[in-house]
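> Sequence first, predicted model second:
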Amino acid sequence: MVALRQVRINSGRTSGRTGPQAVFGHLYNSIKKTEREGGLGTVVDVVRDSIVENFAIGAGETVLGKIVSERKVHSVNSLANATKLNKFRLYRLSRTMGLIPETADQAAFNQWVFPAHEAEHLIGRIENSIPQNQVMQFLGCSITQVEHLVRHNFIASITPMVEGQVGQMRG
């Protein structure tokens, strides 16, 4: 399974073709062919599990003859499609939160995957938060009062705080 994950990572991150067939090539096609002829047994199960755990495959999709019961990972693109949030905003947020590496470039939002439960938890927090620049209007208070709330952790940042107490959102 680790070897198949490494094949996916080394398959060319900037390629627009990111599906299992593009990554695994002849292996994938051979499995599809032998599947019609009776299958390869546990080899198919190992490749299927690797695909489900390393590609943004949604619940209900069919992978090598079996329906996926639940999503294991999201990519920035799949998360943007599911939430209707801007993918560039999600990309920056995913980097800030450590879901994808800081060194990741924007060339392939669909290549980096992260656990679906972590992504859904983060999106839930974002949807139930207020941007920092709107806290004053929401609470009907001054900027000084907002700064005191932040300083004393009554208002917590969703993203890690950077120097100078500036965050993207306050919960």
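Ah, there it is. Keep in mind it's a predicted model, so treat the numbers as computed, not measured.
> What is the burial count for the closest residue in space to Leu27 that isn't next to it in sequence?
Among residues not flanking Leu27 along the chain, Val47 sits closest, at 7.0 Å (C-beta to C-beta, 6 or more residues apart in numbering). Backbone N, C-alpha and C define where each C-beta goes, glycine included. Neighbour count for Val47, taken as other C-beta atoms under 10 Å: 21.
> just Ala59 next, same as before
Ala59, neighbours per other C-beta under 10 Å, totals 11.
> Could you look up the SS state of it?
When classified by DSSP: H, G, I helix; E, B strand; the rest coil, Ala59 comes out as coil.
> who's in contact with it?
Ala59 sits next to Val68, Ser69, Glu70, Arg71 when contact means C-beta atoms under 8 Å, 6 or more residues apart in numbering.
> how about a cut-off of 10 Å?
Ile67, Val68, Ser69, Glu70, Arg71, Lys72, Ala116 (C-beta atoms under 10 Å, 6 or more residues apart in numbering).
> for Phe114, same thing?
Phe114 neighbours (C-beta under 10 Å, 6+ apart): Ala56, Val73, His74, Ser75, Val76, Leu79, Ser94, Met97, Gly98, Leu99, Ile100, Leu122.
> quick one: it from Glu70, how far?
15 Å (C-beta to C-beta, to the nearest Å).
> Repeat that for Phe88.
For Phe88 relative to Glu70 (C-beta to C-beta), the value is 27 Å.
> what about the residue nearest to Val146 when sequence neighbours are not counted, how many residues close to it?
Nearest residue to Val146, sequence neighbours excluded (C-beta to C-beta, 6+ apart): Val135, at 5.0 Å. Residue neighbour count, defined by other C-beta under 10 Å, stands at 19 for Val135.
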